[in-house]
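Q: Fold the stuff below for me.
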Amino acid sequence: MKKKVEMEYELRTRSGNTVWTLISTPMGLMKWLADDIKIDGDKATFSWGDPLREQATHHATILEEAKNKYIRFHWNDTDHDVYWEIKMQKSEIAGNYHLLITDFAEEDEINDLKLLWNQDIDRLLQITG
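A: This is a model prediction of the structure:
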C-alpha cells in the first residue's frame, strides 16, 4: 500500500504569478519537471528523454486546480486513491513562496521519491534565483 509523502521547499521568489506559471503550465513545468509536457483540458502528458532514442511517457489527469494555490494530478496508471499535488504558500515572515509537495510511494520507494523531487526542485531553484 502506498504511503502519503509530504515535502516542503522554500523558493527564492516573491512573485505568486511566476510560481503559478512554473507549477501549472506546460512551459513552466518543462523548465524543471519534465522534458515535454502537453496539457489538453484536464489531460496531461509528461515525457522524459530523447524522443528519437529512449523516452518515458506518462499520462495524468488534473483532478483539482485552484489558481495561485495548488494543482493536483493523478497518474492514469496508478491506484485511483493516489495523487501528486503541488501547493504554493507564501511565507508571512519573509514574503517568499514555499512549495508543498504531496506524493505517494511504497514504503521501500519513499527515499527514491524524495530524491527525485529534490532533483526537480534543484532545477526549479536555478530558475527562481
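Q: Identify, by residue count, the longest helix of the chain.
A: helix 110-128 (DSSP state H).
Q: Give me the mean pLDDT for that one.
A: Helix 110-128 carries an average pLDDT of 96.
Q: same check, this time on stretch 32-49
A: Stretch 32-49 comes out at a mean pLDDT of 97.
Q: That one spans what distance, first to last residue?
A: 13 Å (C-alpha to C-alpha, to the nearest Å).
Q: With stretch 88-105 instead?
A: 22 Å.
Q: what does the average pLDDT come to for it?
A: 96.
Q: returning to that earlier point: pull out the CA atoms of the longest helix of the chain and give them to me as PDB.
A: Extracted in PDB, the C-alpha atoms of helix 110-128 (Å, rounded to 0.1, in the frame of the first residue of the first chain):
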ATOM      1  CA  ILE A 110      10.000   6.800  -0.300                       C
ATOM      2  CA  ASN A 111      13.700   7.700  -0.300                       C
ATOM      3  CA  ASP A 112      13.900   7.400  -4.100                       C
ATOM      4  CA  LEU A 113      10.800   9.600  -4.400                       C
ATOM      5  CA  LYS A 114      12.200  12.300  -2.200                       C
ATOM      6  CA  LEU A 115      15.500  12.200  -4.100                       C
ATOM      7  CA  LEU A 116      13.600  12.600  -7.400                       C
ATOM      8  CA  TRP A 117      11.700  15.600  -6.000                       C
ATOM      9  CA  ASN A 118      14.900  17.100  -4.600                       C
ATOM     10  CA  GLN A 119      16.500  16.900  -8.000                       C
ATOM     11  CA  ASP A 120      13.400  18.500  -9.700                       C
ATOM     12  CA  ILE A 121      13.300  21.300  -7.100                       C
ATOM     13  CA  ASP A 122      17.000  22.000  -7.500                       C
ATOM     14  CA  ARG A 123      16.300  22.700 -11.200                       C
ATOM     15  CA  LEU A 124      13.400  24.900 -10.200                       C
ATOM     16  CA  LEU A 125      15.600  26.900  -7.700                       C
ATOM     17  CA  GLN A 126      18.100  27.600 -10.500                       C
ATOM     18  CA  ILE A 127      15.200  29.300 -12.400                       C
ATOM     19  CA  THR A 128      13.800  31.300  -9.500                       C
END
